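Chemist: sharing a sequence plus its predicted fold:
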Amino acid sequence: MLPSWLVSGEPTAEFYTDERVYITELLNAEQSPQASLALARVAPGITTQLHALRGVTETYIIREGMGVVEVDHVAQSVQAGDKVLIAAGLAQRITNTGAGDLTFYCLCLPRFTLACYLNLEDE
C-alpha cells in the first residue's frame, strides 16, 4: 500500500484541447485539491481561447518562446522567465508571436477541474 503523500503513476501524454493549446498534466489529482500543475504548449501564430477560471487563480511561468498575454482586457508582451499572475475569474488568453512553440507552466490554486473553466468566446 502506498503512503497517502505519494501520487504514483506514469506521466500523462500531451493532449490538444478546444482551447487551442497542447497540455501535459504534471499534477492534477484528487489527492492534491490545493493545486495542479500543467505544461502548456501553443503553436506559432495561435491565440488560445478567451476564458476565465471560476474560483481558481492561475500563474503562467513562461519557459520558452514569446507571446502576448491578455488578462482582464490588458495586453502585455511576455518571454522566457516572465511570470503572469491571474486572479480568479479574470478573462485571459495568450498568443504565440514567435517563430517556435510558446511553452509555459500553468499553476492553478486550488486544483484545476473542467467545472471551473468558463469559455468567454461563446458569450
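Modeler: Yes, it's here.

Chemist: residue nearest the centroid of this structure?
Modeler: Residue closest to the average C-alpha location in the chain (Cα atoms, centre = their mean): Cys106, at 3.8 Å.

Chemist: the closest residue to that residue other than its chain neighbours and Ala99, how far apart?
Modeler: Nearest non-adjacent residue to Cys106, counting by Cβ to Cβ, 6 or more residues apart in numbering: Ala38, 4.6 Å away. Backbone N, C-alpha and C define where each C-beta goes, glycine included. Using Cβ to Cβ, to the nearest Å, one gets 24 Å for the distance from Ala38 to Ala99.

Chemist: which one of these two has more residues nearby?
Modeler: Legend: neighbour count by other Cβ atoms under 10 Å for Ala38 and Ala99, higher for Ala38 (19 against 9).

Chemist: surely Gly89 meets Thr57?
Modeler: No. Using Cβ atoms under 8 Å as the test, Gly89 is too far from Thr57 to be in contact (9.3 Å).

Chemist: what's Lys83 in contact with, if anything?
Modeler: Counting by Cβ atoms under 8 Å, 6 or more residues apart in numbering, Lys83 makes contact with Thr59, Tyr60, Ile61, Ile62.
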